[in-house]
Every structure is written in structure tokens, then in C-alpha cells.
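*Asks:* with the sequence up front, the predicted model follows.
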Amino acid sequence: SHLVHDSDLRMIVNELKNAGAEAICINGQRVVSTTGIMCIGNVIKVNDEKVGSPFVIKAIGFPEMLTTALDRPGGFLEKLNLDGIVTSIKKSNKVQVPKYTGVISSKYMRTQK
């Protein structure tokens with residue numbers, strides 16, 4: 001069996017962000033600027049919530065750009081496929097990404113009055 005690592009999920013999230021994704025979630029956990037994706041033992045946590053395989057990553061953005069970024073020859077998804085990790089891309093006009101339910105506290109940023 002092949003393991004999916006936290007770094008694999010971060011790479012996919014980064015490729016989606018670079019392709020202009022406006023919203024991303026992993027197994028229902030919304031990814032925001034403060035989201036941590038990390039391994040704790042044999043568990044992956046996203047926003048401090050345990051997520052398990054299979055991983056479903058949803059993204060909202062311009063479909064062709066998102067697909068091209070992920071599906072390009074030599075890209076990260078191709079590497080995962082070659083490593084024996086099954087991946088597939090599905091386009092949909094009805095993608096729903098949940099809102100972030102955590103608290104975003106900023107140390108240096110503040111709202112303008």
C-alpha cells in the first residue's frame with residue numbers, strides 16, 4: 001500500500017493556488033492562509049482536524065486552468081500516479097466548498113477604520 005503524505009497534499013494545494021483556485025477544501029476542511037497540513041504520527045491533520053484516505057480535494061476556479069495545472073505532463077499528479085497512488089480529476093459546475101469555521105487571528109493585520 002502506498003502512503004499519502006502531508007507534503008503530497010500541500011503540493012496539490014499549492015498547484016491549485018498557483019492555477020488560480022479561489023476556494024479549496026480537503027475532505028471537507030476549508031483551506032485558508034492559516035491552514036496547517038501536517039502529519040501527526042500516522043494521521044494527517046488539516047486545520048487541526050484528522051482527515052483520512054481517500055482524500056477528496058475540491059477547488060473552485062477556472063476549470064481549464066485548474067485541470068491544466070494538475071494534469072500537465074511531469075506534474076505532481078502524474079508523479080502520484082506513477083507512485084501507485086490513484087488520482088483522478090473530475091470537473092463539475094456544482095462544486096461546494098464549506099466555509100472556514102475556525103478563528104483567524106492576526107498579529108499584524110487589522111481592519112481599517
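*Replies:* Yep, it's here.
*Asks:* tell me where this protein has strands.
*Replies:* 23-26, 29-30, 37-40, 43-46, 49-51, 57-60 (DSSP state E).
*Asks:* other residues contacting the fifth one?
*Replies:* The list of residues contacting strand 49-51 from outside it, by CB atoms under 8 Å, 6 or more residues apart in numbering, reads Ile26, Asn27, Gln29, Val43, Ile44, Lys45. Heads up, the C-betas are built off the backbone N, CA and C, glycines and all.
*Asks:* and those residues, which are buried?
*Replies:* When the contacts of strand 49-51 are checked for burial by 16 or more other CB atoms under 10 Å, the buried set is Ile26, Asn27, Gln29, Ile44, Lys45.
*Asks:* of all these, which comes closest to Phe76?
*Replies:* Checking the buried ones among the contacts of strand 49-51 against Phe76 by CB to CB gives Ile26 as the nearest, at 14.8 Å.
*Asks:* where does this protein dip in pLDDT?
*Replies:* Applying pLDDT under 70 to the chain flags residues 1.
*Asks:* helices and strands around the lengthiest helix in it, which ones?
*Replies:* Ordering each helix of the chain by length in residues (DSSP state H) puts helix 6-18 first. Counting contacts by 3 or more CB pairs under 8 Å, 6 or more residues apart in numbering; DSSP states H and E, helix 6-18 is packed against strand 23-26, strand 37-40, strand 43-46, strand 57-60, helix 63-71, helix 76-82.
*Asks:* out of these, indicate the one that is most buried.
*Replies:* strand 23-26 (a mean of 21; mean count of other CB atoms under 10 Å).
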